[in-house]
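In: 3D, please:
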Amino acid sequence: MNSRFAATSAPIRLFRNPKSGHCHRVELMLALLELPYVTVDLDMANGTHKSPEYLKISPLGQVPAIEDNGDFLSDSNAILIYLVRRYATDDRWLPSEPLAAAEVQRWLSIAAGEIAAGPCSARLVTLFGASLDHEQAIARAHALFVVMQHHLEQRSYLAGSSITLADIAGYSYIAHAPEGGVSLAPYPSIVAWLARIEAQPHFVGMARSPALA
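Out: Below is the predicted model:
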C-alpha cells in the first residue's frame, strides 16, 4: 500500500492493478485534484479480484474501485465523474454548458469503446497474454489515432482548449500504446497532446513496460 499525499482527511482507497490504464486514469484524476489517497494493489493473477471480500466492493470483480469515507464505487469513468462532482472547485473538468458537457461525454464513450478495443486490447495481449486478436486491435488503434491526429491538429485538448475528463480518460492507454505494438511516431499531434497532459501540476505516470513499437 503506497501513499501519494500526506492525508489531511481520511484518504481515498484505490483498489488497482498498477499496470492497468483504467486504474491509472483514476489515480491521475486523484493526483490532479490533489486528493489524499492510498493504493491497494490486488494480486489478480491469483484471483484476489474475484474473492468474496472484493466482490462486495466491486460486484463484477473489476478494477479500479474506490472507497471514499465508507462509500464504494467501481468503473473508472464513473469514478472520474464522482471525483470531479464531489471534489472539483470549478467545472473545467466536466463543463456545465450542454454542448461542452456532451463533447466530454463523447470522449468518455470513445474511451470505453474505441480506446478499449484498440490500444487497450493490443496491450492486454502483449502484457497480460489476453486471448484477443492482436492484429485487429492494432488496426483499430491506428484507425482511431488517424482521427485523433486530425482532431488534435485543431485544438490543444480533446474537448476544447483546456483539459477535461476527456483527456484523463484517454491518456493512459494512448500514452502506453507502444507497449502493445502500436507506434505513436506517425501522430505528432497526439504526442504533443500527451506531453501537455504530462506537464500538468501533480501529474503521476503509470508503471512502464518495454515498448514493442
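In: and the residue nearest to residue 192 when sequence neighbours are not counted, how far from residue 49?
Out: Spatially, and ignoring its direct neighbours in sequence, residue 192 is nearest to residue 152 (7.3 Å; C-beta to C-beta, 6 or more residues apart in numbering). C-beta coordinates here come from the backbone N, C-alpha and C atoms, glycine included. Using C-beta to C-beta, to the nearest Å, we find residue 152 at a distance of 34 Å from residue 49.
In: ok, how many other residues are close to residue 163?
Out: Residue 163: 20 surrounding residues under other C-beta atoms under 10 Å.
In: before we move on, what SS does it have?
Out: The local conformation at residue 163, judged by DSSP: H, G, I helix; E, B strand; the rest coil, is coil.
In: residues in a beta bridge with the residue lying closest to it once chain neighbours are set aside, which ones?
Out: For residue 163, ignoring the flanking residues on the chain, the nearest one in space by C-beta to C-beta, 6+ apart is residue 157 at 5.3 Å. Taking DSSP bridges as the rule, residue 157 bridges to residue 160.
In: list the contacts for residue 157?
Out: Neighbouring residues of residue 157 by C-beta atoms under 8 Å, 6 or more residues apart in numbering: 163-164, 166-167, 193, 196.
In: can you pull the contacts of residue 149?
Out: Counting by C-beta under 8 Å, 6+ apart, the residues that residue 149 touches are 186-190.
In: quick check, nearest of the residues you listed to residue 69?
Out: residue 190 (37.4 Å; C-beta to C-beta).
In: so residue 138 sits right up against residue 122, yeah?
Out: Yes: here residue 138 reaches residue 122: they are 5.2 Å apart, a contact under C-beta atoms under 8 Å.
In: shared neighbours, those two?
Out: Counting by C-beta under 8 Å, 6+ apart, the residues touching both residue 138 and residue 122 are 180-182.
In: run through the chain and note the low-pLDDT ranges.
Out: 1-9 (pLDDT under 70).
In: adding secondary structure, write the shared contacts of residue 138 and residue 122 out as JSON lines.
Out: JSON lines is the format used below for the shared contacts of residue 138 and residue 122 (three-state DSSP):
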{"residue": "180", "secondary structure": "helix"}
{"residue": "181", "secondary structure": "coil"}
{"residue": "182", "secondary structure": "coil"}
